[in-house]
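**Q** Sequence first, then the predicted structure, then my questions.
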Amino acid sequence: MTGLLPVEQAQARLFALREPLPRQNISLSESLGRYLSDDVLAQRDQPAAPLSAMDGYAIRFDDLPGPWAVIGEVAAGAAPDRAVSAREAMRIFTGAMVPAGADTVVVQEDVAVDGTHLRLTGDGPGTRGRHIRERAADFASGECLLPAGTRLTPGAIAAAAMSGAGGLAVGTRPSVAIMTTGDELVQPGRPPAPGQIPDSNGVMLAAMLAGEVPEPILPHHVRDDRLLLSKVLKDLARRHDVIVTVGGASVGDHDHVRGAFEDAGGHIDFWRIAMRPGKPLIAGTMGDAILLGLPGNPSSAFVTATLFLLPLIRHLAGARDPLPTVQRAPLAEPLPEGGTRRDYLRARLENGYLTPFLGQESGLTLPLASANSLLIREIGAPAQDAGAMADYLVIA
Ligand SMILES: Nc1nc2c(c(=O)[nH]1)N[C@H]1C(S)=C(S)[C@@H](COP(=O)(O)OP(=O)(O)OC[C@H]3O[C@@H](n4cnc5c(N)ncnc54)[C@H](O)[C@@H]3O)O[C@H]1N2
Ligand code: MOO
């Protein structure tokens, strides 16, 4: 089929429509899901001094098997008030600084103490340095812990906090509007008249974006009226960085999104992608706003949102790797030859094997509820046997 843009080219053109948004400073508690503007460099060694990993006694390994005189105590958060000399031990707790002179911790389960007299009753530490967290074992000052563009997960936020940061510079999140189109749509929960269906794409897209935008998005619905669509698009373009439309992207007499967008002064950058589902995808700009026009079929909307909408939002928010990661797994069953567009088959990865669903029509909604993968079939790919390796994207 001619005139269809390959997926990677379309993604590159989409990202080229606008630079990532400016940076902003935020606190760590607000940073979940944001993308770092700068590398996070450690401002300190972690730990900054050798620490005990257990509750017990700090000793010199060479003094084993004891006995020892207990000369004092050190708890987490305090500095030891003296060093440990030959045949001396200091009571120590998990996370406490190891006193100078000591090089090993013997756990309290392995000793008996009587006043200040300490003796070994168990196996003891075995090796020098046992139960001690060495200085900088986690990371050293100056080390790059998280490169710019990293998504802040709970673990990454913990590393940033431990590095000494109290806040972070991250990319601003784009403001996104979702607009559903189609006279056949009724709000979920309302009874559809003959010929009508519930609007499932609006809530689906809002849910897909939930981790990337500050507030839940309430979709706008607009009838198949070119003039009205044009007015709404113009208004949304003034107020948002990204307008996502769904439906009306194809060639039917009631498919008005491209026309209405141009009427409103928008410029279409590309239309139609060599993918199935999702062929009629539209991308364009109006001022600084980007239009992403998704096809209306539920599976087409889902797949194009996975491959274009979420990556665009991540790109604008400063992500280093905005695209979904391609994984590989063996097929549970044989696959026929690939077609003339790249296929993204709704599939399930179970026990390490990929099974595409029987129903791949893009109008189906139910497969989206049970799919956890999109199995990728390249244009014209040869037929494959069960067990052959295939590319897929994780979607759940
Ligand atoms: N003659 C041609 N017809 C079609 C072509 C083509 O190349 N030539 N392309 C087909 C392909 S591929 C797709 S995909 C669809 C996309 O069409 P639109 O983006 O214009 O979408 P609509 O026609 O508005 O709707 C398609 C389908 O999806 C349902 N829909 C729409 N919005 C929602 C929603 N918010 N929630 C749930 N379902 C929705 C709508 O009722 C239709 O059934 O065009 C093919 N046609
Ligand atoms: O592109 Mo459509 O999504 O093939 O049905």
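**A** Now that the structure is in, tell me what you want to look at. Ligands and ions are numbered 1, 2, ... in the order given.
**Q** residue contacts, the nearest residue to Ile313 once chain neighbours are set aside?
**A** Once flanking residues are discounted, Ile313 sits nearest to Glu212: 4.7 Å by C-beta to C-beta, 6 or more residues apart in numbering. Every residue, glycine included, has its C-beta placed from N, CA and C. Applying C-beta atoms under 8 Å, 6 or more residues apart in numbering, we find Glu212 in contact with Gly33, Arg173, Leu310, Ile313, Arg314, Ala317.
**Q** Which member of those is positioned nearest ligand 1?
**A** Leu310 (17.7 Å; C-beta to the nearest ligand atom).
**Q** Over to the residue nearest to Ile313: give its phi and psi.
**A** phi -120, psi -10 (degrees, to the nearest 10).
**Q** same question, Gly155
**A** phi -70, psi -40.
**Q** One more: the one 3 residues further on?
**A** Per-residue torsions, Ala158: phi -60, psi -40 (degrees, to the nearest 10).
**Q** for the one 5 residues further on, same thing?
**A** Torsion angles at Ser163 (phi, psi; degrees, to the nearest 10) stand at phi -70, psi -20.
**Q** Which element, helix or strand, includes Ala207?
**A** helix 201-209 (DSSP states H and E).
**Q** which secondary structure elements does that helix contact?
**A** strand 176-181, strand 242-246, helix 298-304, helix 310-316 (3 or more C-beta pairs under 8 Å, 6 or more residues apart in numbering; DSSP states H and E).
**Q** The closest residue in space to Asp321 that isn't next to it in sequence: neighbour count?
**A** In space, Asp321 comes closest to Gly149 once its chain neighbours are excluded; the distance is 7.1 Å by C-beta to C-beta, 6+ apart. Look at Gly149: counted by other C-beta atoms under 10 Å, it has 20 neighbours.
**Q** Gly149 against Asp38, yeah?
**A** No - applying C-beta atoms under 8 Å as the test, Gly149 and Asp38 come out as separate, 9.6 Å apart.
**Q** can you list the residues of the chain near ligand 2?
**A** Selection of the chain residues close to ligand 2 by C-beta under 6 Å from any ligand atom yields Arg276, Pro277, Gly278, Lys279, Pro295, Asn297, Ser300, Ser362.
**Q** Now do the closest residue in space to Tyr353 that isn't next to it in sequence against Arg276, distance only.
**A** Once flanking residues are discounted, Tyr353 sits nearest to Ala332: 3.8 Å by C-beta to C-beta, 6+ apart. To Arg276, Ala332 is 21 Å away according to C-beta to C-beta, to the nearest Å.
**Q** Give me the more crowded residue out of those two.
**A** Arg276 (21 against 18).
**Q** what residues are up against that one?
**A** Gly339, Arg341, Arg342, Asp343, Tyr344, Ser362.
**Q** Got the confidence number for it?
**A** Confidence at Arg276, expressed as pLDDT, is 98.
**Q** likewise Gly3?
**A** pLDDT for Gly3: 86.
**Q** For ligand 1, see how far away it is.
**A** 11 Å (C-beta to the nearest ligand atom, to the nearest Å).
**Q** Once you drop chain neighbours, what's closest to that residue?
**A** Arg272 (6.3 Å).
**Q** So that neighbour sits against Pro280, correct?
**A** Yes - taking contacts as C-beta under 8 Å, Arg272 lies within contact range of Pro280: 6.0 Å.
**Q** Those two: which has the busier surroundings?
**A** Ranked by neighbour count (other C-beta under 10 Å), Arg272 and Pro280 place Pro280 first, with 23 against 19.
**Q** got the contact list for stretch 388-396?
**A** 306, 324-331, 335, 344, 347, 349, 354, 371-377, 384.
**Q** Lovely, talk soon.
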